[in-house]
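**Q** output the structure for:
(one chain, ligands or ions: 2)
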Amino acid sequence: MSDIVLITGATSGFGRAAARRFAEAGWSLILTGRRAERLEDIEKELSGKVPVHTAVLDVRDAEAVKEVVAALPEGFRAVKALINNAGLALAPEPAPKADLADWHTMIDTNITGLVNVTHALLPTLIETGAGASIVNLGSVAGQWPYPGSHVYGASKAFVQQFTYNLRCDLQGTGVRVTDIAPGMAETEFTLVRTGGDQAASDKLYGDTTPLEAEDIAELIFYTVSLPAHVNVNRLEVMPTRQAWSAFAVDRD
Ligand SMILES: NC(=O)C1=CN([C@@H]2O[C@H](COP(=O)(O)OP(=O)(O)OC[C@H]3O[C@@H](n4cnc5c(N)ncnc54)[C@H](OP(=O)(O)O)[C@@H]3O)[C@@H](O)[C@H]2O)C=CC1
Ligand SMILES: O=CCS(=O)(=O)O
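**A** Ligands and ions are numbered 1, 2, ... in the order given. Purely as a prediction, here's the structure:
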């Protein structure tokens, strides 16, 4: 029987690229996201190669998460890898101008959603044991501050610490836990962050060489495919053309 991966946010960006990468390697796929049509598209694309099960799922809804996990069909139950990828940034403006509702949405998705899915799948992953993996999508924003990152960066700092803390509690179970923390990558991320501003997205990724979704998919797959005794704790990755900026100083 093939290995089974569950990917949240498989309708776009890293999640969709990861689905393709795991399919290439013959894994069975459980793909989730809120957009049903996108899930149908990716299922159509990949189900000729490997078994695919899709579920429309908003990770913020803890009950729905439990139901999706409980209803996994025969052949998709022994999950070996969980890719906690669903997430988003909103409100690119500075904190005093940001909407409280956007802050809540980021917390509900990037923190609560990730915790919901992890909690629901922990028993299965522990049963799988040696070689099982949880890969959490953090961000450079979880480590490095920048203007407009406010709650987004803080939510990704949570992802990093939750990853480390989970590692402590899962020691002895064989389940590995990794925080992959990408820098600038061209996906629908900026379109979502700016409320659909295609020009802003094009401008951010233009005239440089951002990471591509496939770069991160490769790292996710690599992390999961390492020998069972190897745990990558955190992988921070940036485009070669991206680096840190100087400290900001307020002057008279
Ligand atoms: N692109 C970048 O520069 C970076 C991104 N990241 C992180 O990587 C992850 C993937 O982002 P990326 O691929 O770039 O962005 P995309 O916007 O392309 O993809 C985000 C995915 O998350 C899903 N999603 C969002 N909210 C929910 C929700 N409430 N329930 C279920 N699924 C949800 C979306 O699916 P749907 O809308 O169908 O629900 C979509 O599939 C995120 O966690 C992001 O924070 C980290 C560092 C850099
Ligand atoms: O998480 C996304 C990367 S960035 O926009 O915070 O640099």
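**Q** residue contacts, P73?
**A** H53 (CB atoms under 8 Å, 6 or more residues apart in numbering). Using the backbone N, CA and C atoms, a C-beta is placed for each residue, glycine as well.
**Q** so what does it have for phi and psi?
**A** phi -70, psi 160 (degrees, to the nearest 10).
**Q** pLDDT score assigned to it?
**A** Looking at P73, its pLDDT reads 98.
**Q** pull up the gap between it and ligand 1, please.
**A** 20 Å (CB to the nearest ligand atom, to the nearest Å).
**Q** then P123?
**A** For P123, the distance to ligand 1 - CB to the nearest ligand atom - is 21 Å.
**Q** which neighbouring elements make contact with the helix or strand harbouring that residue?
**A** According to DSSP states H and E, P123 maps onto helix 114-128. Judged by 3 or more CB pairs under 8 Å, 6 or more residues apart in numbering; DSSP states H and E, the packing partners of helix 114-128 are helix 62-70, strand 81-84, strand 133-137, helix 150-170.
**Q** can you do 6 Å?
**A** Judged by 3 or more CB pairs under 6 Å, 6 or more residues apart in numbering; DSSP states H and E, helix 114-128 is in contact with helix 62-70, strand 81-84.
**Q** what does this structure put close to ligand 2?
**A** Proximity of the chain to ligand 2, by CB under 6 Å from any ligand atom, involves residues 139-141, 149, 183-184.
**Q** of those residues - the most surrounded one?
**A** S139 (27 neighbours; other CB atoms under 10 Å).
**Q** mind listing what it touches?
**A** Contacts of S139 were listed using CB atoms under 6 Å, 6 or more residues apart in numbering, and they are 156, 181.
**Q** run a quick neighbour tally on the closest residue to G87 other than its chain neighbours.
**A** Nearest residue to G87 in three dimensions, chain neighbours excluded: N110, at 4.6 Å (CB to CB, 6 or more residues apart in numbering). Around N110 there are 29 other residues, counting by other CB under 10 Å.
**Q** need the pLDDT of N110.
**A** According to the prediction, N110 has pLDDT 99.
**Q** before we move on, what about Q198?
**A** pLDDT, Q198: 98.
**Q** distance check, it against V192.
**A** 12 Å (CB to CB, to the nearest Å).
**Q** show me which of those two is the more surrounded one.
**A** When Q198 and V192 are compared for neighbours, V192 comes out ahead with 16 against 10, by other CB under 10 Å.
**Q** that one and ligand 1, how far apart?
**A** Distance from V192 to ligand 1, by CB to the nearest ligand atom: 5 Å.
**Q** number of nearby residues for the closest residue to that residue other than its chain neighbours?
**A** Spatially, and ignoring its direct neighbours in sequence, V192 is nearest to L88 (5.2 Å; CB to CB, 6+ apart). When neighbours are counted by other CB under 10 Å, L88 registers 17.
**Q** what of E24?
**A** So E24, with other CB under 10 Å, has 13 neighbours.
**Q** just give me the neighbour total for the nearest residue to it once chain neighbours are set aside.
**A** Once flanking residues are discounted, E24 sits nearest to K49: 7.8 Å by CB to CB, 6+ apart. Close neighbours of K49, defined as other CB under 10 Å, add up to 12.
**Q** just W244 next, same as before
**A** 10.
**Q** tell me the pLDDT at it?
**A** The model's pLDDT for W244 equals 96.
**Q** all good on my end, thank you.
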